[in-house]
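> A predicted structure for the sequence below; I have some questions about it.
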Amino acid sequence: MNIPANLMYTKKDEWVDLESGKMGITDFAQGQLSDIVFVEALVDVDDDVEIGGEVASVESVKASAEVYAPVSGTVVAINEGLEDEPEVINTDPYGAGWLVQFEVSEQSDELMDAAAYEAYCNGRD
Amino acid sequence: MDIKLDTAPKIVEPTLYELSSPGRVGVDFPDPDVPRAKLPDALLREKLPLPELSEVDVVRHFVKLSTFNYSVDSGFYPLGSCTMKYNPKINEDTARLPGFVALHPLQPIETTQGALVLMYQLQEWLKEISGFDALTLQPAAGAHGEFTGVSMMRAYHRDRGDMKRNKMLVPDSAHGTNPATSAMTGLKVVEIPSDERGNVDLGALRAEADDTLVGMMLTNPNTLGLFDEHVEEICKIVHNAGGLMYGDGANMNAMLGITKMADLGFDVMHYNLHKTFSTPHGGGGPGSGPVGATAALADFLPAPIVDIVEEEADGLPPLYGLVTPAKTIGRIKAFHGHFGVLVRAFTYIAMHGPDGLRNVSEYAVLNANYLLARLRDTYHVPYDRTCMHEFVAEGRWKDAPDIHALDVAKRLMDYGFHPPTNYFPLIVHEALMVEPTETENKDTLDAFADAMIKIAEEAHTNPELLHDAPHAENTPFGRLDEVKAAKDLILCCWLPENYSEQEQ
């Protein structure tokens, strides 16, 4: 399982890059969901989002899942490419599969680093 | 709509449009005995692209399509959480009795006493089966029953002037309809986790049980096929917080004649006549979701319900009619719900009687436990204790990393079985949810268990067999591309090229 060391993670399997403000869902999450067929952003650029607010809905052939904000802040960009190619979340969850980019004002104090998230994933399976 | 024919799927039966031949007719109408009226020119169309076929063309088309179906009449259908039980054929006889078929719901009640007596008796039986004081037959299906029951809970709190209650608790093992119903009724949904034995986590429940509680929706037995070991304690915690308990009757097939939902502490519940009481399910529907309630909630039931409006007197039988509960939430379905379905459920209950219904549940539970006992050494069962009418196993093995529950399910089709429910409930990884129901004999259960065990072996020795399943020699199409099906929707029928330009 791919868990980049430079990112922070949530218990709901989101990742956030505190440098760039980009977030998405983890390799573990995309593996659980399997083939992703549809992504809907639930926020717009310039929206203010609180920690835990819904930012997107991700649908696979197996299930649909809500994605929650790991940080508070203002939405500065949404990954428009996912509309036509949602499957890049499966192939590149930390790169081309990013969902939303924030200007971060506050981060959740429950965020985990890569080592803690890996232990959390292993403990679940 | 411009669809290239070269991307067409393998055709196993052409569409009616492709079978159409201009000028062919199925029915000749006699000459009218009144003068023909001319339609206004503005309403006339140049072209009307409808298929033109003879009667035998149409019959053969649909009979052929029907042979592609897999149904409970053609084989074992262990779809968990659905109770795909056999539909006894006598139900179809009673539902087609001329006295029922030719009724209109707006007839005077004096002329519809037979139908009203049947509905009254069915209300009484369903009340007795779960111990409730009042009941409506109106809801059209399970989720509609949920909406009815939760609307009644909300109305109950508002009627008492308690306007701050807006929170509904739903366990993480619940059917998706439970949170959806609560949200649709305007309530805030809070998910309660399960503990390691598959019960509601009592600590998490206590933490949420405050004075904003409308109540809790609980399926018991739950979607893991397990009877919640603390169900009475759960009801007590919710009641002590001033909330009400909603019982989702999806899994009533395990309970008939053994325990009553009202005795456990539930205040309101729905039944699924299309699960527990043998009326057609799924494509054979429609469903029916009667709602029972305690005396405290009876006044909020939808209107109308059937009651005796004139007592027996002077040698005349009682008169049955329709009454409106005092604080009703209103009408939630046209007329009296799905009456034809009610006749079938009535028939099933009448044919079985109390002891027969208890037998139904005992055999449903026995059959599920037999399959569980045969499969638990091969398939990991995460919440492994005596199950009720169904159980949930995992379709994955550490030493067969490329195999998923979906592959096991698809491979079962090669062996002639409908797959179990997969990927539900969400709290089990790669879930395979098996519900055999009471009607299956030991030979059928053994054949299914043998196939499951063989598939587990194939998963380790020849995984491609599972990945490619079902194979085209066993099903019309072989493995379908689920990603393409979800992404590239073609919602149009398959019109031959230039169909609309053809001479009419």
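Okay, I see it. Owing to the predicted nature of the structure, the values given are computational and were not obtained by experimental measurement. Residues are numbered from 1 along each chain as shown, chains lettered A, B, ... in the order given.
> what about the closest residue to chain B within chain A, neighbour count?
Here chain A gets closest to chain B at one residue, A:Val37, 4.0 Å apart by C-beta to the nearest C-beta. Yep, even glycine has a C-beta here, placed from its N, CA and C like the rest. Neighbour count of A:Val37, defined by other C-beta atoms under 10 Å in any protein chain shown: 21.
> element containing the closest residue to it other than its chain neighbours?
Nearest residue to A:Val37, sequence neighbours excluded (C-beta to C-beta, 6 or more residues apart in numbering or on different chains): B:Ala486, at 4.0 Å. Using DSSP states H and E, B:Ala486 sits in helix B:482-487.
> what about that helix, average pLDDT?
On average, the pLDDT along helix B:482-487 is 84.
> Show me what that helix is packed up against.
In terms of contacts (3 or more C-beta pairs under 8 Å, 6 or more residues apart in numbering or on different chains; DSSP states H and E), helix B:482-487 is packed against strand A:36-41.
> What helices and strands are in contact with the helix or strand following the strand it packs on?
Under the assignment DSSP H and E, the closest C-terminal helix or strand after strand A:36-41 is strand A:48-49. Packing contacts for strand A:48-49, counted by 3+ C-beta pairs under 8 Å, 6+ apart, involve strand A:71-78.
> tell me the angle the strand it packs on makes with strand A:36-41.
110 degrees (axes from the mean of the first three to the mean of the last three C-alpha atoms, to 10 degrees).
> Setting the sequence-adjacent residues aside, check what's closest to B:Val434.
B:Pro420 (4.4 Å).
> wait, that neighbour sits on B:Lys410?
No - taking contacts as C-beta atoms under 8 Å, B:Pro420 lies outside contact range of B:Lys410: 11.8 Å.
> Of the two, give the one with the bigger neighbour count.
Ranked by neighbour count (other C-beta under 10 Å), B:Pro420 and B:Lys410 place B:Pro420 first, with 30 against 23.
> contacting residues for the more buried one?
Residues near B:Pro420 by C-beta atoms under 8 Å, 6 or more residues apart in numbering or on different chains: B:78-80, B:409, B:412, B:432-435.
> now do B:His389
Residues counted as contacts of B:His389 (C-beta under 8 Å, 6+ apart) are B:83, B:221, B:225, B:251, B:253-254, B:361, B:364-365, B:368, B:435, B:437.
> again, only using 6 Å
B:253-254, B:364-365, B:368, B:435 (C-beta atoms under 6 Å, 6 or more residues apart in numbering or on different chains).
> before we move on, the earlier item: my guess is the residue nearest to A:Val37 meets A:Phe38, correct?
No - B:Ala486 is beyond contact range of A:Phe38, at 7.2 Å (criterion: C-beta atoms under 6 Å).
> Count the neighbours of the residue of chain B found nearest chain A for me.
Taking C-beta to the nearest C-beta, chain A has its nearest neighbour within chain B at B:Ala486, 4.0 Å off. Neighbour count for B:Ala486, taken as other C-beta under 10 Å: 16.
> Check B:Leu489 too.
Taking other C-beta under 10 Å as the criterion, the count of residues near B:Leu489 is 8.
> List the buried residues in stretch B:175-193.
Judged by neighbour count using 16 or more other C-beta atoms under 10 Å in any protein chain shown, the buried positions of stretch B:175-193 are B:175, B:177-179, B:181-182, B:185, B:187, B:189-190, B:192.
> do stretch B:148-163 as well
For stretch B:148-163, by 16+ other C-beta under 10 Å, it's B:148-157.
> Next, format these as JSON lines and append secondary structure.
Below are the buried residues of stretch B:148-163 laid out as JSON lines (DSSP: H, G, I helix; E, B strand; the rest coil):
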{"residue": "B:Thr148", "secondary structure": "helix"}
{"residue": "B:Gly149", "secondary structure": "helix"}
{"residue": "B:Val150", "secondary structure": "helix"}
{"residue": "B:Ser151", "secondary structure": "helix"}
{"residue": "B:Met152", "secondary structure": "helix"}
{"residue": "B:Met153", "secondary structure": "helix"}
{"residue": "B:Arg154", "secondary structure": "helix"}
{"residue": "B:Ala155", "secondary structure": "helix"}
{"residue": "B:Tyr156", "secondary structure": "helix"}
{"residue": "B:His157", "secondary structure": "helix"}
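> Now that we have the residues you listed, can you turn them into JSON lines and tack on distance to chain A and pLDDT?
Output for the buried residues of stretch B:148-163, formatted as JSON lines (distance: C-beta to the nearest C-beta, whole Å; pLDDT from 0 to 100):
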{"residue": "B:Thr148", "distance to chain A": "26", "pLDDT": "98"}
{"residue": "B:Gly149", "distance to chain A": "25", "pLDDT": "98"}
{"residue": "B:Val150", "distance to chain A": "22", "pLDDT": "98"}
{"residue": "B:Ser151", "distance to chain A": "25", "pLDDT": "98"}
{"residue": "B:Met152", "distance to chain A": "29", "pLDDT": "98"}
{"residue": "B:Met153", "distance to chain A": "25", "pLDDT": "98"}
{"residue": "B:Arg154", "distance to chain A": "24", "pLDDT": "97"}
{"residue": "B:Ala155", "distance to chain A": "29", "pLDDT": "98"}
{"residue": "B:Tyr156", "distance to chain A": "30", "pLDDT": "98"}
{"residue": "B:His157", "distance to chain A": "27", "pLDDT": "98"}
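> low pLDDT regions in chain A?
Where chain A drops to pLDDT under 70, the residues are A:125.
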